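>>> give me coordinates for this.
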Amino acid sequence: MIHELTDHFTIITLCKIAGVSKSGYYKWLKRQDNPTDKELDDQSIVTKIIKCQQDPDINWSYGYPRVQTWLKKTYGLKVNHKRIYRLMKANGIQAKIREKKWKHFGRKEKYVVSENDLNREFSATRPNEKWVTDITYLLFNGKKHYLSAILDLYNNEIISYKISERNDLKLVADTVKEAIKKREVKGLLLHSDQGFQYTSIRYNKLLKRCNMKQSMSRKGNCLDNACMESFFSHFKAECFYRYQFDSSNEVKEAVKNYMKFYNHKRFQKKLNNLSPTEYRAKAA
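As a prediction, the model looks like this:
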């Protein structure tokens, strides 16, 4: 997964997001030129699984139990279901029966999980085509605050952000509402992880009212939202971890100043060494 994103991010950033060491990644990369027998066998099984899902009658509708049965009936292969599950998960192979999956948890409270429509396409041809969003926590002086932000993949500009003492639906909803005051969002794709706020029915309805399409990372796959992970990593390294904060007001002021600096002055190589707002203005 890291290898797929090296055109967008540095190896160090991707390894940090994925929680693996740089040396471990390079050991894995070296093995790709000299794969073990087990790795070759795994790849053979993955190829057969994809062939199964591509069957017009199956059309990507089989979960791992049915895939296990299909492999046995078609090839006479006896493959442990845990191995099939692991290979399907590692290669992003999942059943696509419905665009939305309504489920229940707790006291029969419904929630919605959307497909990964962004699919790691971390680029856009115009402003307000693809946005990504996420939340990070800010620890200071024995306290914890939460920072929610929305980033435009066209020029990596932060469109809106909110800070709260509570990590709840109101935080993400307020972030979206602030963004739609500034931009035209009809038909826009907004991507997030599967945090409970983003799977909330009320959040889903808010996006529908704004004519926005919802996209979500696969469960437990942080690299599906690598752009936001990368932004928060830069923010903390360049701002938050450099200072000691005693109060909420100090934190909010620091975040405000960094967002202004990031959008208007911090140039980026992928933007031809322009800041996000400079890049957008030049392209207009």
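>>> now do the helices in the protein.
Along the chain, counting by DSSP state H, helices occupy 11-18, 22-31, 37-54, 64-75, 81-90, 169-182, 201-209, 226-238, 248-264, 276-283.
>>> list the buried residues for the last one?
When neighbours are counted by 16 or more other CB atoms under 10 Å, the buried residues of helix 276-283 are found to be 276, 278, 279, 280. Glycine gets a C-beta too; all of them are placed from N, C-alpha and C.
>>> now that helix: mean pLDDT?
The average pLDDT within helix 276-283 is 93.
>>> next: the third one.
Model confidence over helix 37-54 averages 87 on the pLDDT scale.
>>> which regions of the stretch 151-284 of the chain sit below the pLDDT cut-off?
For the stretch 151-284 of the chain, no stretch is flagged by pLDDT under 70.
>>> domain parsing for the protein?
3-90, 112-283 (automatic domain parsing).
>>> deepest-packed of the ones you listed, please.
domain 112-283 (a mean of 17; mean count of other CB atoms under 10 Å).
>>> so how far is that domain off the chain centroid?
Remark: domain 112-283 is offset 11 Å from the chain centroid, using CA atoms, centre = their mean, to the nearest Å.
>>> re earlier: quick one: closest of the helices of the chain to residue 113.
Distance to residue 113, taken as CB to CB, is lowest for helix 201-209 among the helices of the chain, at 9.7 Å.
>>> turn the buried residues of helix 276-283 into a markdown table, columns for distance to residue 52.
Listed next are the buried residues of helix 276-283 as a markdown table, based on distance: CB to CB, whole Å:
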| residue | distance to residue 52 |
| --- | --- |
| 276 | 44 |
| 278 | 49 |
| 279 | 44 |
| 280 | 45 |
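>>> got the contact list for the nearest residue to residue 88 once chain neighbours are set aside?
Computed as CB to CB, 6 or more residues apart in numbering, the closest residue to residue 88 that is not its neighbour in sequence is residue 64, at 5.6 Å. Listed by CB atoms under 8 Å, 6 or more residues apart in numbering, the contact set of residue 64 reads 81, 84, 85, 88.
>>> any idea which of these the model trusts least?
When the contacts of residue 64 are compared by pLDDT, residue 88 scores lowest at 88.
>>> any idea how far residue 129 is from residue 191?
Distance, residue 191 to residue 129, using CB to CB, to the nearest Å: 12 Å.
>>> for residue 165, same thing?
Distance from residue 165 to residue 129, by CB to CB: 33 Å.
>>> and residue 37, by the same measure?
45 Å.
>>> what do you get for residue 44?
Residue 44 sits at a distance of 39 Å from residue 129 (criterion: CB to CB).
>>> ok, residue 143 next?
Distance from residue 143 to residue 129, by CB to CB: 37 Å.
>>> do residue 38 as well
In terms of CB to CB, residue 38 sits 42 Å off from residue 129.
>>> over to residue 158?
16 Å.
>>> go on, residue 151?
Counting by CB to CB, the gap from residue 151 to residue 129 is 13 Å.
>>> residue contacts, the residue most central in space within the chain?
Geometric centre of the chain, nearest residue: residue 225, 1.8 Å, by CA atoms, centre = their mean. Going by CB under 8 Å, 6+ apart, residue 225 touches 132, 134, 191, 192, 193, 217.
>>> roughly how far does the nearest residue to the fourth one once chain neighbours are set aside sit from residue 148?
In space, and not counting its chain neighbours, residue 192 is closest to residue 198: 4.2 Å by CB to CB, 6+ apart. As judged by CB to CB, residue 198 and residue 148 stand 10 Å apart.
>>> shared neighbours, these two?
Jointly contacting residue 198 and residue 148 under the rule CB under 8 Å, 6+ apart are 133, 172.
>>> re earlier: can you redo the helices of the chain as JSON lines with distance to residue 125?
Shown next, in JSON lines, are the helices of the chain (distance: least, CB to CB, whole Å):
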{"stretch": "helix 11-18", "distance to residue 125": "24"}
{"stretch": "helix 22-31", "distance to residue 125": "31"}
{"stretch": "helix 37-54", "distance to residue 125": "29"}
{"stretch": "helix 64-75", "distance to residue 125": "36"}
{"stretch": "helix 81-90", "distance to residue 125": "31"}
{"stretch": "helix 169-182", "distance to residue 125": "19"}
{"stretch": "helix 201-209", "distance to residue 125": "21"}
{"stretch": "helix 226-238", "distance to residue 125": "16"}
{"stretch": "helix 248-264", "distance to residue 125": "20"}
{"stretch": "helix 276-283", "distance to residue 125": "10"}
